[in-house]
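Asks: when you get a sec, could you give me coordinates for this:
(chains A and B)
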Amino acid sequence: GDSVTQMEGPVTLSEEAFLTINCTYTATGYPSLFWYVQYPGEGLQLLLKATKADDKGSNKGFEATYRKETTSFHLEKGSVQVSDSAVYFCALSGVNFGNEKLTFGTGTRLTIIP
Amino acid sequence: DAMVIQNPRYQVTQFGKPVTLSCSQTLNHNVMYWYQQKSSQAPKLLFHYYDKDFNNEADTPDNFQSRRPNTSFCFLDIRSPGLGDAAMYLCATSRRARGEETQYFGPGTRLLVL
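Replies: Reported below is the predicted structural model:
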């Protein structure tokens, strides 16, 4: 079945550092890929997505590229801020029309220190 | 702004006392989902509705039920909450159409069982 493997956390970085959170997936076909962010006590917010190979999703300085050859969708940001502290989830959606079930990674807790 | 709304944000109930959580959406999406999220874990899908068509996950306990009286509203009923049901409950919506797999989440309801 489908699965998502996400970099173990927690991750602690200094402000303005470069961020990478690794995400790889296993799925048949071409799933859509997502990064969601969850701030403390809140629901999940869509951060970015990509729906086909070589697509790059971007938002708020974050980027991720859909790499079919390495089955990866790593999240990157060039200069993190304290406000980026949150839990980040990588996810994929079912490839079959009508099967929108999301498969999540375990989440990565990110803490940015001033 | 179009959105997914959950009420209440915090709910306290007693062991064994039925509780209902509500979700409404202004996105006019035809699919609505309920997830359970326990601390430091990824969300776990309980069930979803495609219009009025109910789809239960195989491992969702019978204690959890759902109702969708119309497109905009969906309810989660927990018939006899146990201590293990204390969690964050997330509602999400999506529009079932090719290329439209994105799920949009509400802010969640945190349930405490005493």
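
Asks: any idea what residue A:38 is bridged to?
Replies: Beta bridges link residue A:38 to residue A:44, residue A:87, judged by DSSP bridges.

Asks: contacting residues around it?
Replies: Going by Cβ atoms under 8 Å, 6 or more residues apart in numbering or on different chains, residue A:38 touches A:44-45, A:86-89, A:107. Bear in mind the C-beta positions are built from the backbone N, C-alpha and C, glycine included.

Asks: which of those residues lies closest to chain B?
Replies: residue A:44 (4.3 Å; Cβ to the nearest Cβ).

Asks: get me the contact residues on chain B for chain A.
Replies: For chain B, the residues in contact with chain A (Cβ under 8 Å from any Cβ of the partner chain) are B:4, B:6, B:31, B:40-43, B:45, B:48, B:50, B:90, B:92, B:94, B:96, B:98-99, B:101-108, B:110.

Asks: one more pass at 10 Å, please.
Replies: Applying Cβ under 10 Å from any Cβ of the partner chain, we find that chain B lies next to chain A at B:4, B:6, B:9-10, B:31, B:33, B:35, B:37, B:40-45, B:48, B:50, B:55, B:57, B:88-92, B:94-110.

Asks: tell me, how many residues neighbour residue 93?
Replies: You didn't say which chain, so I picked chain A. For residue A:93, the neighbour count with other Cβ atoms under 10 Å in any protein chain shown is 22.

Asks: my bad, chain B
Replies: 28.

Asks: separation between it and residue A:88?
Replies: From residue B:93 across to residue A:88, the span is 21 Å (Cβ to Cβ, to the nearest Å).

Asks: same deal with residue A:103?
Replies: Distance from residue A:103 to residue A:88, by Cβ to Cβ: 15 Å.

Asks: look at the two and report which has more neighbours.
Replies: residue A:88 (25 against 19).

Asks: state the pLDDT value of that one.
Replies: On the pLDDT scale, residue A:88 is placed at 97.

Asks: swap in residue A:8?
Replies: 84.

Asks: can you put the contacts of residue A:38 in CSV and add distance to residue A:79?
Replies: Putting those into CSV (distance: Cβ to Cβ, whole Å) gives the following:
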residue, distance to residue A:79
A:44, 24
A:45, 20
A:86, 16
A:87, 20
A:88, 16
A:89, 22
A:107, 23
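
Asks: can I have the buried ones of the residues you listed as a PyMOL selection?
Replies: In PyMOL syntax, the buried subset of the contacts of residue A:38 is picked out as below (16 or more other Cβ atoms under 10 Å in any protein chain shown):
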select buried, chain A and resi 44+86+87+88+89+107
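
Asks: widest-spaced pair of the contacts of residue A:38?
Replies: Greatest spacing in those, by Cβ to Cβ: A:45 and A:107 (13.5 Å).

Asks: overlap in contacts of the two?
Replies: When contacts are counted by Cβ atoms under 10 Å, 6 or more residues apart in numbering or on different chains, the set common to residue A:45 and residue A:107 consists of A:36, A:38, A:86.

Asks: ok, back up a step: PyMOL command to pick out the buried ones of the residues of chain B next to chain A?
Replies: Applying 16+ other Cβ under 10 Å to these, the buried members can be selected in PyMOL as follows:
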select buried, chain B and resi 4+6+31+33+35+37+42+43+44+45+48+88+89+90+91+92+94+95+101+102+103+104+105+106+107+108+109+110
